[in-house]
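In: 3D, please:
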Amino acid sequence: MKKDFIYSIACLTFVIMIGGAVYEHMNIVPRWAAAPPVSLAMFQGEYGLNPELFWMTTHPINIILFLVNLALYWKSPRRKPIAIVLITYVIILAITAIYFVPELLSIITSPFSTNIDSSLTSRAKLWETLSLVRLGVLLVLAIILLLGLTKPQNNKQ
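Out: Numbering: from 1, shown residues only. You can find the predicted model right below:
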C-alpha cells in the first residue's frame with residue numbers, strides 16, 4: 001500500500017510538471033513568440049516573469065521520485081514503465097539543457113525594441129514547435145507511467 005502511494009505521488013508530480021508546460025504553451029509561449037523583441041516585455045524589468053523556480057524545483061523532485069520507485073519496484077512488472085519514463089525523461093532534460101534553455105535565454109534576453117525582428121521571430125517559432133514536440137513526448141510518458149499503476153506491485157500477484 002505504501003509503495004502504491006509513492007508511485008502515485010510520482011505520477012502526480014510528473015503530471016503537475018506537464019500541467020505547467022501545457023499552461024505555458026497555452027498562455028505564455030504564444031505571447032512571447034509572437035513578435036520578438038517587442039513581445040518579450042513580460043520577461044523584462046523588475047517584475048518580469050521568471051518561471052525558473054517552478055522548473056528548477058519540479059525536475060529534481062521527479063527524478064528523485066522515479067529513482068525511489070525504480071528501487072522499490074526493481075523486482076516488479078512496474079519496473080519497465082518506470083525505467084522507460086525515467087530514461088526518456090533524463091534524455092529530454094539533457095536536450096532541454098543543451099538546446100531549449102540556452103535558446104530560450106538567448107531569445108528572451110534580447111534587447112527591447114519596438115521593431116519586430118524576423119530572424120528572432122523565426123527562432124521563437126522553431127523553439128515553440130520543437131517544445132510542443134517535447135511536450136507531446138512527455139504526455140506519452142505520463143500515460144506509460146500511469147498505466148504502470150495497472151501492473152502488479154510484485155511478481156507474486
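In: Helices of this structure, start to end?
Out: 2-23, 29-32, 52-72, 79-95, 101-108, 118-147 (DSSP state H).
In: Can you lay out those helices as JSON lines showing mean pLDDT?
Out: Listed next are the helices of the chain as JSON lines, based on pLDDT from 0 to 100:
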{"stretch": "helix 2-23", "mean pLDDT": "96"}
{"stretch": "helix 29-32", "mean pLDDT": "95"}
{"stretch": "helix 52-72", "mean pLDDT": "96"}
{"stretch": "helix 79-95", "mean pLDDT": "98"}
{"stretch": "helix 101-108", "mean pLDDT": "95"}
{"stretch": "helix 118-147", "mean pLDDT": "97"}
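In: of all those helices, which lies closest to residue 43?
Out: helix 101-108 (4.5 Å; Cβ to Cβ). Glycine gets a C-beta too; all of them are placed from N, C-alpha and C.
In: Grab the CA positions of that closest one and hand them over as PDB.
Out: Output in PDB follows, covering the C-alpha atoms of helix 101-108 (Å, rounded to 0.1, in the frame of the first residue of the first chain):
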ATOM      1  CA  VAL A 101      17.200  26.600 -22.200                       C
ATOM      2  CA  PRO A 102      20.100  28.300 -24.000                       C
ATOM      3  CA  GLU A 103      18.000  29.200 -27.000                       C
ATOM      4  CA  LEU A 104      15.100  30.500 -24.800                       C
ATOM      5  CA  LEU A 105      17.500  32.600 -22.800                       C
ATOM      6  CA  SER A 106      19.100  33.900 -25.900                       C
ATOM      7  CA  ILE A 107      15.700  34.900 -27.300                       C
ATOM      8  CA  ILE A 108      14.100  36.400 -24.200                       C
END
